[in-house]
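>>> The following block contains a protein sequence and its predicted model.
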Amino acid sequence: MIAQQGVRRQRDDVAPGGPPRLPVTVVAGFAGAGKSALIDHWLRSRPPGERWALLANASAVEPGAGRYRVVGGCACCNAQTSARTALVRLLREGPWNRLVVELDGAAQPAALVDLLRTPPFDALLLVDGIVSVVDATRPGPFETEPMHPLARAQVEVSTRIVLNYADRLTEARRAALLRRLADAPPFGRPVDRFDTSPSGQPTDRFGALLPGPPADRPGDAAPPIVEGRWPADQVFDRRRLQVHVAGWAADRTIEGPLVRAVGVFRTERDWYQWRFGNGQSSFEACAYRLENRLQMEFGAATPLAAWRAALDADLAGARIALSGDASHGARGSVRVR
């Protein structure tokens with residue numbers, strides 16, 4: 001059943017019946033945005049004694065001082081076979097404490113994340129962060145309306161964004177870009193601004209920024225909100241889910257109607273984003289991949305207990321398990337704030 005306020009999201013770093021999964025950080029961004037400089041900073045700043053692995057183009061980074069090992073093969077959507085082979089080789093050379101995957105500038109991040117969640121990697125790897133690097137000296141793709149398709153995919157999938165060379169923009173243009181990157185659907189994300197390094201060394205700029213699970217953005221005071229989170233392993237039936245979200249948007253049987261909502265769910269076909277606001281509802285494929293997540297905002301007088309019960313029943317009926325893997329039926333957690 002739906003959990004009470006304050007219950008944390010379900011642990012998903014351990015596969016059912018197996019050892020802890022290797023945390024994975026995916027780094028996306030156009031060519032020349034600064035991905036390699038950021039990764040080099042992480043590798044230099046990693047905790048003492050930890051072994052980190054890097055999957056990238058063999059030509060992207062040279063190994064050094066035993067800090068990591070570069071495995072050949074382009075980790076992008078157009079080279080799934082070579083990426084799978086490289087991953088197998090890399091995992092055999094473990095154990096590792098973290099895997100960092102640097103995507104090619106033209107790669108679709110969602111396709112790589114999907115690859116990391118296919119057998120046998122789904123039982124071995126846990127994607128806990130997706131960082132997109134944006135070059136402020138070339139902001140055009142992120143400023144256009146609508147946003148450039150690949151730029152939108154990088155922003156939508158990211159749990160964190162690094163705006164590189166931010167001081168190269170005028171104050172007004174920089175503020176507008178920071179706001180757009182932070183507030184872009186589905187749930188927004190932290191944006192870290194980094195200016196040109198005074199020493200001229202690209203890795204000096206990134207300070208204490210390290211990979212890992214993202215922190216929630218601090219929110220303003222808001223009306224009653226019901227928020228649910230489920231591990232990315234959880235799969236929902238698309239058709240049943242569409243029926244339920246349409247019902248939530250139209251339900252007038254519970255006092256205090258739904259004001260606005262956004263949800264992202266993994267289905268047997270793809271990941272889908274549901275949005276509701278101003279009486280309009282949409283349901284479409286999206287690039288977000290971190291976890292299944294639902295946020296619903298209600299009027300001040302809404303009896304949240306009734307909504308929690310309805311949501312619990314609907315989502316329990318929409319959950320399915322992937323073929324041969326009953327663990328995909330695991331529950332997540334829902335809180336009220």
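Ah, there it is. Numbering: from 1, shown residues only.

>>> Check which residues of stretch 80-90 are buried.
Within stretch 80-90, the residues scored as buried using 16 or more other C-beta atoms under 10 Å are 80, 83-84, 86-87, 90. In this view, the C-beta of every residue, glycine as well, is placed from N, C-alpha and C.

>>> how much space between the nearest residue to Leu103 once chain neighbours are set aside and Leu90?
Spatial nearest neighbour of Leu103, excluding adjacent residues (C-beta to C-beta, 6 or more residues apart in numbering): Ala28 at 4.8 Å. Here Ala28 is placed at a distance of 19 Å from Leu90 (C-beta to C-beta, to the nearest Å).

>>> do Gly34 as well
24 Å.

>>> Looks like Thr25 contacts Asp128 (just checking).
Yes: counting by C-beta atoms under 8 Å, Thr25 does reach Asp128; the two are 7.0 Å apart.

>>> Return the residues in contact with Leu150.
Leu150 is in contact with 30, 106, 108, 141, counting by C-beta atoms under 8 Å, 6 or more residues apart in numbering.

>>> Now the second one, what are its backbone angles?
Geometry field for Ala106 lists phi and psi as phi -100, psi 10, criterion degrees, to the nearest 10.

>>> burial measure for it, as a count.
Using other C-beta atoms under 10 Å, Ala106 has 12 neighbouring residues.

>>> And the third one, by the same measure?
For Gln108, the neighbour count with other C-beta under 10 Å is 20.

>>> Quick check: the gap between it and Val162.
19 Å.

>>> before we move on, which element is Gly247 in?
Element membership for Gly247 (DSSP states H and E) is helix 238-250.

>>> Alpha carbons of that helix, as CSV, please.
In CSV, the C-alpha atoms belonging to helix 238-250 read as follows (Å, rounded to 0.1, in the frame of the first residue of the first chain):
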residue,chain,number,x,y,z
ARG,A,238,1.1,1.1,-20.9
ARG,A,239,-2.6,0.7,-21.8
ARG,A,240,-3.7,0.3,-18.2
LEU,A,241,-1.6,3.2,-17.2
GLN,A,242,-3.2,5.4,-19.8
VAL,A,243,-6.6,4.5,-18.6
HIS,A,244,-5.7,5.3,-15.0
VAL,A,245,-4.1,8.7,-15.7
ALA,A,246,-7.1,9.7,-17.8
GLY,A,247,-9.3,8.8,-14.8
TRP,A,248,-7.1,10.8,-12.4
ALA,A,249,-7.4,13.9,-14.6
ALA,A,250,-11.2,13.6,-14.9
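
>>> If you count neighbours, what's buried in whichever helix or strand comes after it?
Per DSSP H and E, the first helix or strand lying C-terminal to helix 238-250 is strand 258-266. Buried positions in strand 258-266, judged by neighbour count with 16+ other C-beta under 10 Å: 258-259, 261-266.

>>> ditto for stretch 90-103
By neighbour count on 16+ other C-beta under 10 Å, the buried set for stretch 90-103 is 90-91, 96, 98-103.

>>> Dump these to JSON lines, plus secondary structure and pLDDT.
Putting the buried residues of stretch 90-103 into JSON lines (DSSP: H, G, I helix; E, B strand; the rest coil; pLDDT from 0 to 100) gives the following:
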{"residue": "Leu90", "secondary structure": "helix", "pLDDT": "86"}
{"residue": "Leu91", "secondary structure": "helix", "pLDDT": "88"}
{"residue": "Trp96", "secondary structure": "coil", "pLDDT": "91"}
{"residue": "Arg98", "secondary structure": "strand", "pLDDT": "93"}
{"residue": "Leu99", "secondary structure": "strand", "pLDDT": "93"}
{"residue": "Val100", "secondary structure": "strand", "pLDDT": "92"}
{"residue": "Val101", "secondary structure": "strand", "pLDDT": "91"}
{"residue": "Glu102", "secondary structure": "strand", "pLDDT": "91"}
{"residue": "Leu103", "secondary structure": "coil", "pLDDT": "90"}
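
>>> any idea which of the residues you listed is closest to Gln273?
Leu103 (21.5 Å; C-beta to C-beta).

>>> Can you pull out the low-pLDDT segments for the protein?
Applying pLDDT under 70 to the chain picks out residues 1-18, 57-79, 197-210, 212, 214-223, 251-256, 301-302, 321-337.

>>> Which helix or which strand is home to Ser189?
For residue 189 the amino acid is Arg, not Ser. Arg189 is located outside every helix and strand, with elements delineated by DSSP H and E.

>>> Angles on the backbone of it, please.
phi -170, psi 160.

>>> swap in Ala31?
phi -60, psi 130.

>>> end to end, how far does stretch 295-305 reach?
15 Å (C-alpha to C-alpha, to the nearest Å).

>>> re the thing from before, what is the residue nearest to Leu103 paired to in the beta sheet?
Under DSSP bridges, the beta-bridge partners of Ala28 are Ser132.
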